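In: okay, structure incoming, though there's no sequence with it:
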């Protein structure tokens, strides 16, 4: 299985995941927009046991967003790295931190009902006003 490397802006935090995402999509919720500072967040989800730090785990800060979700960012450069779903043991990797090109691309948009008003979704990917049944 091909491995994908990723890193934060300053390069202190380095990760490795298999090129085996269970899903890849674009989240338009207001919380992802705030966490990434962008109009949406592209993520790839996989089991937490497939995620590994190559370096810089000590530079990662965790924000407990809710009882179910932790958000991780580099405390040096501020890069948004991933969210961790505690109940489902999933890591949602911010695709923008990948240094390698994954085999697949995002295939859906979620939380489009709360998308940024200036963002017009112009592709033909499936859209969910909220999250799908197996929420990412």
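Out: Yes, it's here. Computed from a predicted model, the values in this text were never measured in an experiment. Numbers count the residues shown, from 1 in each chain.

In: from the contact counts, what lies against the host helix or strand of residue 62?
Out: Using DSSP states H and E, residue 62 sits within strand 60-64. Packed against strand 60-64, as judged by 3 or more C-beta pairs under 8 Å, 6 or more residues apart in numbering; DSSP states H and E, are the following elements: strand 69-74. For glycine as for every other residue, the C-beta is placed from the backbone atoms N, C-alpha and C.

In: tell me the buried residues in the strand it packs on?
Out: 69, 71, 72, 73, 74 (16 or more other C-beta atoms under 10 Å).

In: possible to save those residues as a markdown table with distance to residue 8 and pLDDT?
Out: Converted to a markdown table, those look like this (distance: C-beta to C-beta, whole Å; pLDDT from 0 to 100):
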| residue | distance to residue 8 | pLDDT |
| --- | --- | --- |
| 69 | 20 | 95 |
| 71 | 14 | 97 |
| 72 | 10 | 98 |
| 73 | 8 | 97 |
| 74 | 4 | 98 |
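
In: redo the residues you listed as CSV? Include distance to residue 53.
Out: Output for those, formatted as CSV (distance: C-beta to C-beta, whole Å):
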residue, distance to residue 53
69, 19
71, 16
72, 10
73, 14
74, 12
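
In: let me know the closest of those to residue 110.
Out: residue 69 (14.2 Å; C-beta to C-beta).

In: list the beta-bridge partners for that closest one.
Out: residue 85 (DSSP bridges).

In: which parts of the chain are strands?
Out: Along the chain, counting by DSSP state E, strands occupy 3-7, 14-18, 23-27, 41-47, 52-55, 60-64, 69-74, 80-85, 90-94, 108-110, 126-127.

In: just how off-centre is the first one within its chain?
Out: By that I understand strand 3-7. 13 Å (C-alpha atoms, centre = their mean, to the nearest Å).
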